[in-house]
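Q: the following comprises the amino acid sequence and a computationally predicted model.
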Amino acid sequence: MNKHLFIAGMEKCGTTALASWFVNQGLAEFLVPNIKEPYIYARTDFGSFPLGGNYKKDWLLDASVGYSRNPAAIARMPEHDCRVVLCFRNPWERTWSAYRMYKLDPKELIKNVIMGPKWKKCPFTETALMCYPAKSRPFIEKYCAAERTRLQEGDFLSRLYYERDFLHVRRTYPFFSILQASSFRLPLGNILGKFAPRDVFVVSLSRLRDATLRNRFVHDLLGMEGEYPEIPKKFVLEGRDIGEEKPDFTRPEFDGMRSAFRYDLQEFRSLIEREGIATDYLDFDALQRNIM
C-alpha cells in the first residue's frame, strides 16, 4: 500500500528544492506525474480527479504548499500512512522573495517557477481557479488581474501596508499575498488539527546541509537508512531584476511588521513545545534574525 508524503508549506522556503530532491534520490515519486503542486485536495472537482495507479515507489509526494493554510483541503487529506513536512524560513527573507516572484510577468513565472508542464497561464491564477466554482471564475480572473496590476505599480513597503490593512478589514489576505505564508503558528496549528505531532516535521533547509542531520531526517521521516547527498539549491529568481533594492529590514518603518512577526514566532514556539514536536531540523537562529 502506498504512503503519502506532503510538503504542505511554506511557499518560498525551499519546497521546490526539497521536493525535487526526494524524487531525484528515489525516495518518493510525485502523486501526479511531473507535477509538484497538483492541489488535488483543494480542487472543486476533488473526488473525480484521476490519479495514476502504476506507482513504483512506496511514498507518493504532493508538494502543494497551500494545503497548510486551507482547512478544507486538510480535512480531505488521507489520515493513515502520512507524513507532513512544513518548511520555514526567516519571515523577512521569505516575504521579500515572494514579493520578487510576484513582480515577475506571468510568462516569466511560467518559465521560472517549477510547478510542472500543465501551467498555461499565470500558475497562481490557475491554482485559484481550481479552488472556486466555475461560476466564480470570471470574477477570480478579474480580481487576479487587478491585484497583479497593483503589485506591478507599487513598491515593497506599500505592499506590506496594503496587505496589513486588507487583513484588518477583511480578515483574509489578498491574492498574490507576500505575507500570508510568512506566518508560522497558523499553518502548523491547522496541520496539527488533523495529524499527530509525530507525523509532522518542521524544517529549515539550512539545517539539512549537515550530512548527519540530513540522513537522520530521511530516516525519521520515511524510515529509510542511507547516506544522502546535499539538497541542491534552486534559485528560481536568480538574476531577475525587479527594479528595487532589497530593503534594510532593521529600519523603523518595518517595526510594526517586526512586532507581528515576533509575536507569531513566540506563539509558534509555544505550540511546538506544547505538542512535543521535534525541532532538530529547525534553525531558530535564522528564523528570528531581524525580529527578536
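A: Perfect, thanks for sending it.
Q: so how far is residue 259 from the residue sitting furthest away from the middle of the chain?
A: Taking C-alpha atoms, centre = their mean, the residue of the chain most remote from its mean C-alpha position is residue 252, at 28.3 Å. Distance check for residue 252 against residue 259: by C-beta to C-beta, to the nearest Å, it reads 12 Å. For every residue, glycine as well, the C-beta is placed using N, CA and C.
Q: then residue 223?
A: Distance of residue 223 to residue 259, given as C-beta to C-beta: 41 Å.
Q: repeat that for residue 85.
A: Relative to residue 259, residue 85 is positioned 29 Å away (C-beta to C-beta).
Q: out of those two, which sits in the busier spot?
A: Here residue 85 and residue 259 are set side by side on neighbour count (other C-beta atoms under 10 Å), and the busier one is residue 85, at 24 against 11.
Q: wait, that one sits on residue 7?
A: Yes: under the criterion of C-beta atoms under 8 Å, residue 85 lies in contact with residue 7, with a separation of 4.8 Å.
Q: which neighbours do those two share?
A: The contact sets of residue 85 and residue 7 overlap at residue 18 (C-beta atoms under 8 Å, 6 or more residues apart in numbering).
Q: not counting its neighbours along the chain, what's nearest residue 29?
A: Spatial nearest neighbour of residue 29, excluding adjacent residues (C-beta to C-beta, 6 or more residues apart in numbering): residue 57 at 4.4 Å.
Q: and for residue 186?
A: The shortest distance from residue 186 to any residue other than its chain neighbours is 7.1 Å, reached at residue 69 (C-beta to C-beta, 6+ apart).
Q: does the one you found touch residue 181 like I think?
A: Yes: judged on C-beta under 8 Å, residue 69 makes contact with residue 181 at a distance of 7.3 Å.
Q: overlap in contacts, these two.
A: Listed as contacting both residue 69 and residue 181 by C-beta under 8 Å, 6+ apart are 9, 187.
Q: now do residue 121, the pLDDT please.
A: The pLDDT attached to residue 121 in the predicted structure is 51.
Q: lowest average confidence, helix or strand, in this protein?
A: The helix or strand of the chain with the lowest confidence, counting by mean pLDDT, DSSP states H and E, is helix 106-112 at a mean of 53.
Q: re earlier: what's near enough to touch the residue nearest to residue 186?
A: Residue 69 sits next to 9, 180-181, 186-187, 190 when contact means C-beta under 8 Å, 6+ apart.
Q: could you dump those to a markdown table with distance to residue 278, secondary structure and pLDDT?
A: Listed next are the contacts of residue 69 as a markdown table, based on distance: C-beta to C-beta, whole Å; DSSP: H, G, I helix; E, B strand; the rest coil; pLDDT from 0 to 100:
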| residue | distance to residue 278 | secondary structure | pLDDT |
| --- | --- | --- | --- |
| 9 | 17 | strand | 93 |
| 180 | 26 | helix | 95 |
| 181 | 22 | helix | 96 |
| 186 | 20 | helix | 97 |
| 187 | 17 | helix | 98 |
| 190 | 19 | helix | 98 |
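Q: with respect to residue 240, which of the residues you listed is nearest?
A: Comparing the contacts of residue 69 against residue 240 with C-beta to C-beta picks out residue 181 as the nearest, at 19.3 Å.
Q: wait, isn't that closest one in contact with residue 12?
A: Yes: using C-beta under 8 Å as the test, residue 181 is close enough to residue 12 to be in contact (6.8 Å).
Q: can you pull out the strands in the stretch 151-292 of the chain?
A: Counting by DSSP state E, counting those that start in this stretch, the stretch 151-292 of the chain has strands at residues 200-203.
Q: point out where the protein drops to low pLDDT.
A: Judged against pLDDT under 70, the low-scoring parts of the chain cover residues 49-52, 105-125, 235-239.
Q: burial measure for residue 274, as a count.
A: The number of residues packed around residue 274, counting by other C-beta under 10 Å, is 10.
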